[in-house]
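Asks: Coordinates for the following, if possible.
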Amino acid sequence: MALHQSGEDYLEAILVLKEEKGTVRSIDVAQHLGFSKPSISRAVSILRSSGYITMEKDGRLELTQAGDQVAREIYERHRLLTDWLVRLGVPPETAAEDACKIEHDISPETFRCLKAHAEKSN
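Replies: Reported below is the predicted structural model:
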């Protein structure tokens, strides 16, 4: 099943929170993204039924292999694009916001070229 931007954002948030905190619950995702608990509950339900996450009996959210792959791809795009925009002179907060928009729409081919260019520049 193809993910929409919001689904990718939820997966990315779960990955980031897991790396920061070790465990993630729906309330953590709600606070991180600034969304309501009902919105998160709906998203969690959709992501679970699509096979991207599981919910443990204690409420912990875990990425499945498919969910982890998507989350890591999106997060890599986010980090690279944010860094690239900051290097161009965009303020960090604006760069992060704009990277979040770009990361969902950029083609895999264009991202590969940007990544290769960024690696050569380092």
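
Asks: which residues in the chain form strands?
Replies: Remark: strands of the chain, listed N- to C-terminal, are 53-55, 61-63; assignment by DSSP state E.

Asks: so of these, which one's packed in deepest?
Replies: Between the strands of the chain, the one whose residues have the most neighbours on average, counting mean count of other Cβ atoms under 10 Å, is strand 61-63 (a mean of 20). C-beta here means a position set from N, CA and C on the backbone, and glycine is covered the same way.

Asks: Counting by contacts, list what it packs against.
Replies: helix 5-21, strand 53-55 (3 or more Cβ pairs under 8 Å, 6 or more residues apart in numbering; DSSP states H and E).

Asks: If we ignore the residues flanking it in sequence, what's nearest Ser26?
Replies: If the residues on either side of it in the chain are set aside, Ser26 comes closest to Ile40, at 4.9 Å by Cβ to Cβ, 6 or more residues apart in numbering.

Asks: ok, that neighbour - how many residues close by?
Replies: When neighbours are counted by other Cβ atoms under 10 Å, Ile40 registers 22.

Asks: now the one 4 residues further on
Replies: Look at Val44: counted by other Cβ under 10 Å, it has 20 neighbours.
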